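>>> below is the sequence, then the predicted model.
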Amino acid sequence: MVRIRNKRNHYRKGNKTYSIIVDGKTEVWYFQMLKKNEDLPRIDVKPELPKKKKISEQFESVIENSKIYDEVVWLIDFDTILKETREAKPGTKTALQELEEYKKNIDKNITNVELFVNTPCLELWILLHFETIGKFFPNCTDTEKILKKSHIKDYEKNEKFYKKRSNDIYKLLSDKKEFAIENAKKLGEFEINNPNKSISEMYKIFEKFGIKK
């Protein structure tokens with residue numbers, strides 16, 4: 001069991017510092033563009049991608065960051081958890097079981113960390129800017145197909161697309177933000193015992209940062 005002592009370094013006096021631990025490059029690019037486009041004078045947002053993506057190693061990064069930053073957001077693409085759980089060898093601990101343990105630890109012992117989930121992935125959050133979603137997507141590929149077919153024809157999962165000079169991913173979606181937030185709220189919150197449903201808790205990050213719709 002991990003217990004956290006308060007060692008946070010307020011290296012920018014008056015600013016509240018946030019670390020966002022993610023498991024994919026698309027999330028890093030998205031949050032970099034959020035920070036670029038939103039006026040967050042008292043918030044320092046640092047998206048970080050652990051060198052290794054195993055859930056145990058992500059959790060280690062969360063613990064280390066919780067000692068430094070005022071608040072830590074751990075954002076997970078749940079399709080990876082579901083895939084690793086399906087592929088787990090009989091008798092071994094699954095990724096879903098690991099996540100359940102880490103979530104209990106966070107809820108009980110680590111007051112400045114919150115776990116948020118996208119099921120299956122960040123692309124669901126992007127898709128919610130264009131339509132209300134009711135069905136479950138078991139993998140990210142299916143979500144991307146709908147996104148490209150119906151809404152963003154030139155969508156690519158790469159840094160060049162996300163950081164377009166004149167119309168980056170955040171600018172591209174900004175006028176549809178309120179619609180996306182309302183759609184995400186309709187999906188409800190992540191439930192560890194009911195993982196097979198589409199979820200995007202990205203709206204909670206917007207609320208945390210005080211970003212207006």
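It's in. Residues are numbered from 1 along each chain as shown.

>>> and the spatially most central residue of the chain, what's its pLDDT?
With distances taken as Cα atoms, centre = their mean, the residue of the chain nearest its centroid is Leu75 (3.1 Å). With respect to pLDDT, Leu75 scores 95.

>>> what does Gly14 give?
Model confidence at Gly14, given as pLDDT, is 65.

>>> which elements pack onto the lowest-mean-pLDDT helix or strand in the chain?
Across the helices and strands of the chain, mean confidence by mean pLDDT, DSSP states H and E is lowest for strand 43-48: a mean of 77. In terms of contacts (3 or more Cβ pairs under 8 Å, 6 or more residues apart in numbering; DSSP states H and E), strand 43-48 is packed against strand 16-21, helix 25-37. Quick note: C-beta positions are derived from backbone N, CA and C, even for glycine.

>>> so the last one versus strand 43-48, what angle?
Here helix 25-37 runs at 160 degrees with respect to strand 43-48, directions being taken by axes from the mean of the first three to the mean of the last three Cα atoms, to 10 degrees.

>>> list the buried residues in helix 25-37.
Of all the residues in helix 25-37, those buried under the rule 16 or more other Cβ atoms under 10 Å are Thr26, Glu27, Val28, Trp29, Tyr30, Phe31, Gln32, Met33, Leu34, Lys35.

>>> what angle do it and strand 16-21 make?
Going by the same axes, to 10 degrees, helix 25-37 makes 160 degrees with strand 16-21.

>>> what is helix 25-37 packed up against?
If you count contacts as 3+ Cβ pairs under 8 Å, 6+ apart, helix 25-37 packs onto strand 43-48, helix 122-127, helix 159-162, helix 169-173.

>>> turn the ones you listed into TSV, columns for distance to Glu189.
Below are the helices and strands packed on helix 25-37 laid out as TSV (distance: least, Cβ to Cβ, whole Å):
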stretch	distance to Glu189
strand 43-48	22
helix 122-127	14
helix 159-162	27
helix 169-173	22
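
>>> right, I'll leave it there.
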